[in-house]
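Novice: Output the structure for:
(one chain, ligands or ions: 1)
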Amino acid sequence: MAALGALRSCWAPARLLTGSAHHSNRLVLCQQTSIKRHFSNNKILVELDEATGVAVMKMKNPPVNSLSLDFLTEFSITLEKLEMDRGCRGLILTSASPKIFSAGLDIMEMCGKSAEHYGEFWRAVQEMWLKLYGSNMVTIAAINGSSPAGGCLMALCCDYRIMADNPKYAIGLNETQLGIVAPFWFKDTMSNVVGNRVTEQALQLGQMFPAPEALKFGLVDQLVPEEKVQSTAASVMAQWLTVPDHARQITKSMMRKQTTDKLVNNREADIKNFVSFITRDSIQKSLQVYMERLRQRKQ
Ligand SMILES: CC/C=C\C/C=C\C/C=C\C=C\CC(=O)SCCNC(=O)CCNC(=O)[C@H](O)C(C)(C)COP(=O)(O)OP(=O)(O)OC[C@H]1O[C@@H](n2cnc3c(N)ncnc32)[C@H](O)[C@@H]1OP(=O)(O)O
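Specialist: Numbering: from 1, shown residues only. Have a look, this model is predicted:
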């Protein structure tokens, strides 16, 4: 992945030069008709604006955008497609249904299944993280709802986070509240954003931060009224895209490579660790109790 990233970086200046001439032609055209390409499947809606090179990816997995094996597979395939598309320089990640950005990993994928299934599921979670955290594109999370655990991880993978200014929406790595443990790469991703002290406390407590608290602790970069989340993401993206791709990409890779390499070099051991952890009777029991609590809360 790193080698591919470097190769793309080297090509980026040429791409930018031809891209800008190309784009300015398009821009004229765009004033009459906006050129948008759609890559949608039944779980993810993507709209790529060819004039700006920005793709908006909307997660659509009702009721709560939980990250099931199917969803994660579609997500990684879509991201790979955009990554390879020379016309796409920026990605805005959001939810198709406001109120929930993502409920995190699908707990049902971690309950009562075979060891083989857990292994396959965990590999898909790793793949999503490697692709999103290692992306060469500018990535912005437009967090238009609550975002626990794996949902928070996705947002933390992005370069910039804009959240709806609503104290009812909360974000955080709450794994310990489920009786499970955030793996080292979840922890590292958070620590790279908010620092070791905040991460240590938040992870032990499984803390969910309401939007204003999330801003205070640097978990998100900006709060805006709910109806402005998408437009703010688009204007922040436009600013980021003024930086030459190759310089920004090499810088991003320099900042993140040590973190991604830790998982790349330990993928199989990490899967083994997850499978042996999640198959424990005590952990299965904790997850069942948590799901039951969720259902009762609803009643
Ligand atoms: C030593 C270490 C070694 C290895 C590492 C080991 C382990 C690490 C393992 C795992 C890491 C996991 C990270 C995760 O992402 S775990 C998932 C955590 N997610 C949550 O806690 C979210 C729980 N959900 C909520 O808080 C709420 O549902 C909500 C705020 C997202 C939405 O609230 P609503 O009131 O709008 O909706 P609900 O009525 O609560 O839910 C609707 C419906 O959806 C079901 N559901 C909710 N979340 C999940 C989920 N994450 N997975 C599956 N299903 C979910 C909920 O039960 C309802 O279902 P029913 O309608 O009742 O059928």
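Novice: Could you use CA atoms for every contact and neighbour count after this?
Specialist: Will do.
Novice: which parts of the stretch 151-299 of the chain sit against the ligand?
Specialist: When proximity is defined by C-alpha under 6 Å from any ligand atom, the stretch 151-299 of the chain lies next to the ligand at E175, I180, V181, A182, P183, N273, F274, F277, M291, L294, R295, K298.
Novice: Narrow the residues you listed to those that are buried.
Specialist: Buried subset of these (neighbour count, 16 or more other C-alpha atoms under 10 Å): E175, I180, V181, A182, F274, M291.
Novice: Please narrow the residues you listed to those residing in helices.
Specialist: F274, M291 (DSSP state H).
Novice: ok so, going back, check the residues of the stretch 151-299 of the chain next to the ligand and tell me the two furthest apart.
Specialist: N273 and K298 (33.0 Å; C-alpha to C-alpha).
Novice: rewinding a little: can you add pLDDT and give the buried ones among the residues of the stretch 151-299 of the chain next to the ligand back as a markdown table?
Specialist: Formatted as a markdown table, those follow (pLDDT from 0 to 100):
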| residue | pLDDT |
| --- | --- |
| E175 | 98 |
| I180 | 96 |
| V181 | 97 |
| A182 | 98 |
| F274 | 98 |
| M291 | 95 |
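Novice: which of the buried ones among the residues of the stretch 151-299 of the chain next to the ligand lies closest to the ligand?
Specialist: Using C-alpha to the nearest ligand atom, F274 comes nearest to the ligand of those, at 4.1 Å.
Novice: So that closest one is in contact with F121, correct?
Specialist: No - contact criterion C-alpha atoms under 8 Å: F274 and F121 do not qualify, at 10.1 Å.
Novice: would you put the C-alpha positions of the host helix or strand of R295 in PDB?
Specialist: When secondary structure is defined by DSSP states H and E, R295 falls within helix 281-298. Output in PDB follows, covering the C-alpha atoms of helix 281-298 (Å, rounded to 0.1, in the frame of the first residue of the first chain):
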ATOM      1  CA  ASP A 281     -17.900 -17.400  27.200                       C
ATOM      2  CA  SER A 282     -17.600 -14.400  29.500                       C
ATOM      3  CA  ILE A 283     -17.200 -12.000  26.500                       C
ATOM      4  CA  GLN A 284     -20.200 -13.600  24.700                       C
ATOM      5  CA  LYS A 285     -22.200 -13.200  27.800                       C
ATOM      6  CA  SER A 286     -21.200  -9.500  28.100                       C
ATOM      7  CA  LEU A 287     -22.300  -8.800  24.500                       C
ATOM      8  CA  GLN A 288     -25.600 -10.500  25.000                       C
ATOM      9  CA  VAL A 289     -26.300  -8.600  28.200                       C
ATOM     10  CA  TYR A 290     -25.400  -5.300  26.300                       C
ATOM     11  CA  MET A 291     -27.800  -6.100  23.400                       C
ATOM     12  CA  GLU A 292     -30.500  -6.900  25.900                       C
ATOM     13  CA  ARG A 293     -29.900  -3.600  27.700                       C
ATOM     14  CA  LEU A 294     -30.200  -1.800  24.300                       C
ATOM     15  CA  ARG A 295     -33.500  -3.500  23.600                       C
ATOM     16  CA  GLN A 296     -34.900  -2.800  27.100                       C
ATOM     17  CA  ARG A 297     -33.900   0.900  26.800                       C
ATOM     18  CA  LYS A 298     -36.000   1.000  23.700                       C
END
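Novice: what's next to it, contact-wise?
Specialist: I107, C111, G112, L178, G179, I180, F277, I278 (C-alpha atoms under 8 Å, 6 or more residues apart in numbering).
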